[in-house]
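> Model the following, please.
(one chain, ligands or ions: 2)
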Amino acid sequence: MYPDRVVSGMRPTGALHLGHYHGALKNWIRLQSEHPCLFFVADWHALTTHYDDPAVVERSAWDMVIDWLAAGIDPSQASIFIQSRVPEHAELHLLLSMATPLGWLERVPTYKDQIENLAGKDLATYGFLGYPLLQAADVLIYRASMVPVGEDQLPHVEMMREIARRFNHIYGREKGFEEKAMAAVRKLGSKRAKLYLELRTAYHQEGDDEALDQARAMLEDAGSLSNVDRERLFGYLQGSRKIILVEPEARLTEAARLPGLDGRKMSKSYANGIALREDRASVVKKIRTMPTDPARVRRTDPGDPARCPVWQLHEVYSDAATRDWVVKGCTSAGIGCLECKQPVVDGVLAEQEPMHERAQPYLDDPSLVRAIVADGCERALKLAQETMRDVREAMGISYT
Ligand code: TRP
Ligand code: SF4
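Ligands and ions are numbered 1, 2, ... in the order given. So this is what the prediction gives:
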């Protein structure tokens, strides 16, 4: 089986805010110590919607990498790179496009939604329709086992899986595959060979997923197999094809959405955010001027935290004792709103403090960032080239 690997990307379309931190980066940071990770700046994806404003993309790309480093992405654990620096993504996108039915792209829910949401922009473009297919190429080219994404991206991951399956089905045919697979089965030794075939049958006839897992685990341990034979047997388990592209699994970001300054989800399009590295004075000001329970007009009016966006931030940033203090103080008009906001101000500043510190060396010396990205690009390129060799061969365009 192909090695465990995590791949995810973000579009560079402006400074990251705390919603990105709670919604995605924290998840990435956890994963980087558990698995080999590749995180990339999805600059081509940004251009699908910002094709008429490329300056934003260019400016945001390096800033976003600094934001990642500030948040705690560790370049000694994860590879950080820029999508367009690994042009193999585009080659795979093109090759996948040959066999991708238009309907698959048209029915992705984000497609019509986005066209409606960004009504001011003409998104009836070829590039925008192909967005999820490019995303599939981003992930499949690394044979990733996991893709950390938010809920909105689940249909894209589902499509990647369908694309991988279809690719293997069409192009994973190998001359004499069945015979080669059976020869590999014999190399397992008679006891394991028998078990393998039984488990395969259980999976094929009863859709028994446990049998599939068990057979896979057995193959992992089978020291007598060459890698080629092992891949064949993995492929043969599921059908009669080689596995060239791997079906990745979505890793949902479980974090609750971070509310913005107006109580709606923190989002760039609502202009209700606090940037990851926003300066202290501006953070203080933004929180101090946040709206509160509209019924609390005077200091002496009692309020209701359930109707107050500040309360939602307490739910993220405050401990139980503080939250208790808020509920009591608010409903009895015992505390004022500014007083109530202070722990949130403190919480946000405390969260940002180490981020400012981590970012500083990179701001002082941008060549450090370039070096990290160059290194990440090199690592990504090597992996992408390996996959592309197999893809070209499978599609009959390797000309060796
Ligand atoms: N579409 C993703 C988003 O908007 C960004 C992205 C591009 C991505 N390529 C990816 C995410 C590959 C995960 C894997 O958030
Ligand atoms: Fe909101 Fe706190 Fe004011 Fe109550 S006291 S309305 S929770 S800011």
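
> need the residues of the stretch 251-400 of the chain near ligand 2, please.
Within the stretch 251-400 of the chain, the positions near ligand 2 by Cβ under 6 Å from any ligand atom are 292-293, 296, 303, 305, 308, 310-311, 326, 330, 335, 337, 340-341. Where you see a C-beta, it was placed from the backbone N, CA and C, and this is true even at glycine.

> hmm, try it at 5 Å
Within the stretch 251-400 of the chain, the residues that sit near ligand 2 (Cβ under 5 Å from any ligand atom) are 292, 293, 296, 303, 305, 308, 310, 311, 330, 337, 340.

> Name the residues that touch stretch 107-124?
For stretch 107-124, the external contacting residues (Cβ atoms under 8 Å, 6 or more residues apart in numbering) are 48, 49, 52, 105, 128, 129, 131, 132, 152, 155, 156, 159.

> Contacts only, for the first one.
Taking Cβ under 8 Å, 6+ apart as the definition of contact, the neighbours of residue 48 are 123, 125, 127, 128, 130, 131, 134.

> wait, does whichever strand or helix holds it contact ligand 1?
Secondary structure assigned from DSSP states H and E places residue 48 in helix 43-50. Yes: Helix 43-50 lies within reach of ligand 1 by Cβ under 5 Å from any ligand atom, at residue 45.

> re earlier: can you list the contacts of residue 48 in a markdown table and add pLDDT?
What follows is the contacts of residue 48, written out as a markdown table (pLDDT from 0 to 100):
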| residue | pLDDT |
| --- | --- |
| 123 | 89 |
| 125 | 93 |
| 127 | 96 |
| 128 | 95 |
| 130 | 97 |
| 131 | 97 |
| 134 | 98 |
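
> Rebuild those as CSV, extending it with secondary structure and neighbour count.
Formatted as CSV, the contacts of residue 48 follow (DSSP: H, G, I helix; E, B strand; the rest coil; neighbours: other Cβ atoms under 10 Å):
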residue, secondary structure, neighbour count
123, coil, 19
125, coil, 13
127, helix, 14
128, helix, 21
130, coil, 20
131, helix, 22
134, helix, 21
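
> Please identify which pair of those lies farthest apart.
Across these, the longest distance by Cβ to Cβ is 14.5 Å; it joins 123 and 134.

> do the very next helix or strand once past the helix holding residue 48 and ligand 1 meet at all?
Downstream of helix 43-50, the first helix or strand assigned by DSSP H and E is helix 54-71. No: judged by Cβ under 5 Å from any ligand atom, helix 54-71 stays clear of ligand 1, getting no closer than 11.6 Å.

> The following helix or strand past helix 54-71 pairs with which strands, parallel or anti?
Using DSSP H and E, the helix or strand that follows helix 54-71 towards the C-terminus is strand 78-82. Here strand 78-82 has these sheet partners by DSSP bridges: strand 37-41 (parallel).

> Find the nearest non-adjacent residue to the residue in the stretch 1-150 of the chain that ligand 2 sits nearest to, please.
Here the residue of the stretch 1-150 of the chain nearest ligand 2 is residue 18; by Cβ to the nearest ligand atom that distance is 18.4 Å. Closest residue in space to residue 18, ignoring its immediate chain neighbours: residue 274 at 5.1 Å, by Cβ to Cβ, 6 or more residues apart in numbering.

> cool, residue 294 as well?
Per Cβ to Cβ, 6+ apart, closest to residue 294 is residue 307, 7.1 Å.

> can you pull out the helices in the stretch 301-400 of the chain?
309-317, 320-331, 337-364, 366-394 (DSSP state H, counting those that start in this stretch).

> Could you dump the ones you listed into TSV and include mean neighbour count and mean pLDDT?
As requested, these are arranged in TSV below (neighbours: other Cβ atoms under 10 Å; pLDDT from 0 to 100):
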stretch	mean neighbour count	mean pLDDT
helix 309-317	20	96
helix 320-331	15	98
helix 337-364	16	98
helix 366-394	17	97
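
> that older thread, may I ask which of the contacts of stretch 107-124 has the most neighbours?
Neighbour tally across those (other Cβ atoms under 10 Å): the maximum, 24 neighbours, falls on residue 132.

> helix or strand for that one, which one?
Using DSSP H and E, the element containing residue 132 is helix 131-140.

> After that helix, which helix or strand is next? Please name it.
strand 146-149.

> per-residue confidence averaged over that next one?
The pLDDT scores in strand 146-149 average 96.

> Quick check: which helices or strands does that strand pack against?
Strand 146-149 sits against strand 6-10, helix 26-32, helix 154-171, strand 249-252, with contacts defined as 3 or more Cβ pairs under 8 Å, 6 or more residues apart in numbering; DSSP states H and E.

> Give me the distance from that strand to the chain's centre.
4 Å (Cα atoms, centre = their mean, to the nearest Å).

> export that strand as CSV, just CAs?
The C-alpha coordinates for strand 146-149 follow below in CSV (Å, rounded to 0.1, in the frame of the first residue of the first chain):
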residue,chain,number,x,y,z
MET,A,146,-6.0,11.9,4.0
VAL,A,147,-7.3,15.4,3.1
PRO,A,148,-8.1,17.7,6.0
VAL,A,149,-10.9,20.0,4.9
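
> All further residue positions should be reported with the first residue as 21.
New numbering, starting at 21: the last item is strand 166-169.

> contacting residues around it?
Strand 166-169 is contacted from outside by 24-28, 44, 47-48, 51, 55, 159, 173, 176-177, 180, 268-273, using Cβ under 8 Å, 6+ apart.

> Name the nearest residue to residue 178, sequence neighbours excluded.
Nearest to residue 178 is residue 270, by Cβ to Cβ, 6+ apart, at 8.0 Å.

> what bridges to that neighbour?
With DSSP bridges as the rule, residue 270 is bridged to residue 167.

> How about the contacts made by it?
By Cβ under 8 Å, 6+ apart, residue 270 lies in contact with 166, 167, 168, 169, 173, 174, 177, 178.
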